[in-house]
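S.K.: Sharing a model prediction with you, sequence too.
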Amino acid sequence: MRASVLLKWGVEELLRKYPELRLQPTKKDETIIAGSLEFSAQTRGQKLISDRYAISISVPPDYPRAIPLVRDTAMRIPRDFHKLGSGHLCLGSPTRLRLILAETPSLLSFVERCVIPYLYGYSIVENGGVLPFGELSHGARGLRDDLASILGMDDDLVLLGFVRLLAMKKGKANKLPCPCGTGMRLGRCHNRKLNRLRDRLGRGWFSSLLHGSRS
């Protein structure tokens with residue numbers, strides 16, 4: 001069972017590309033990948049960065065529905081630089097991370113789309129630069145701002161209305177007025193965007209956002 005799960009997650013592919021990472025002996029339901037992650041990265045307007053970090057990645061049993069936790073094991077990154085209360089790296093908003101995992105669920109993709117951009121950003125800041133991807137607030141404000149970006153709406157009441165509809169079954173939500181203010185029902189307005197998000201993340205995710213159980 002474990003071998004099939006590791007194959008499904010693409011662990012062999014990840015370790016082949018980043019050979020200084022290794023599977024660690026763990027308890028039955030835990031999967032830990034740890035070691036040195038060496039990378040070269042560059043984004044527009046920034047210089048090429050080649051660096052390496054000592055990290056551990058804790059992969060939950062229900063991955064990719066749940067997000068792996070990543071730790072800087074050498075303590076190179078200070079606690080006040082976008083870390084969670086647990087000390088793990090804050091790689092982005094949970095909604096954005098879940099969308100990435102829904103689109104490309106392999107662990108190699110997670111490392112290259114979520115972990116390396118974070119480390120690349122810190123390497124730039126460590127050398128006196130500015131974070132190349134901007135900064136998202138932690139907690140409820142960060143969740144709100146990220147949803148605004150994803151949905152293309154910046155009005156709090158409209159966003160709340162969208163989240164309420166995302167927490168409903170598609171058939172029921174499509175019959176209700178679209179929160180954007182056009183006067184049309186959702187099924188004739190923003191239904192495609194909302195249906196795509198609901199299909200990827202599930203109604204339960206948006207229900208948890210409504211009730212404030214995600215941060």
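M.R.: Received the coordinates, thanks. What you see is a predicted model; the values in this text were computed from it and never measured.

S.K.: Lys17: what's it in contact with?
M.R.: Leu108 (C-beta atoms under 8 Å, 6 or more residues apart in numbering). The way it works is simple: take the backbone N, C-alpha and C, and place the C-beta from them, glycine included.

S.K.: nope, Pro177 is what I meant
M.R.: If you count contacts by C-beta under 8 Å, 6+ apart, then Pro177 has Gly183, Met184, Arg185, Leu186 around it.

S.K.: go on, Ile33?
M.R.: Val11, Leu14, Leu15, Leu21, Arg22, Leu23, Gln24, Ser56, Ile57, Val59, Leu107.

S.K.: Return the member of the contacts of Pro177 nearest to Leu159.
M.R.: Leu186 (14.4 Å; C-beta to C-beta).

S.K.: Find the centremost residue of the protein, please.
M.R.: For the chain, the residue nearest the mean C-alpha position is Leu97 (1.3 Å; C-alpha atoms, centre = their mean).

S.K.: could you say which helix or strand contains Ala66?
M.R.: Ala66 belongs to no helix or strand when assigned by DSSP states H and E.

S.K.: That one: neighbouring residues, count only.
M.R.: Ala66 has 13 neighbouring residues, counting by other C-beta atoms under 10 Å.

S.K.: show me the contacts for the residue nearest to it when sequence neighbours are not counted.
M.R.: Distances taken as C-beta to C-beta, 6 or more residues apart in numbering put Pro60 closest to Ala66, at 4.1 Å, once the chain neighbours are dropped. Taking C-beta under 8 Å, 6+ apart, we find Pro60 in contact with Ala66, Ile67, Pro68, Leu69.

S.K.: could you dump the residues you listed to CSV with pLDDT and distance to Gly128?
M.R.: As requested, these are exported to CSV (pLDDT from 0 to 100; distance: C-beta to C-beta, whole Å):
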residue, pLDDT, distance to Gly128
Ala66, 89, 36
Ile67, 93, 31
Pro68, 96, 30
Leu69, 96, 29
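
S.K.: Whichever of the residues you listed end up buried, select them in PyMOL.
M.R.: In PyMOL, this line selects whichever of the contacts of Pro60 come out buried by 16 or more other C-beta atoms under 10 Å:
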select buried, resi 67+68+69
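
S.K.: from the contacts of Pro60, which is closest to His211?
M.R.: Ala66 (18.3 Å).

S.K.: do you know how far the closest one is from Val59?
M.R.: Here Ala66 is placed at a distance of 9 Å from Val59 (C-beta to C-beta, to the nearest Å).

S.K.: Quick check: which ranges of the chain have low pLDDT?
M.R.: For the chain, the stretches with pLDDT under 70 are 1-2, 132-142, 212-215.

S.K.: Tell me the backbone dihedrals of the residue of the chain most remote from its centre, please.
M.R.: Residue farthest from the centre of the chain, counting by C-alpha atoms, centre = their mean, is Gly183 at 33.5 Å. Dihedral pair for Gly183: phi 90, psi 0, per degrees, to the nearest 10.
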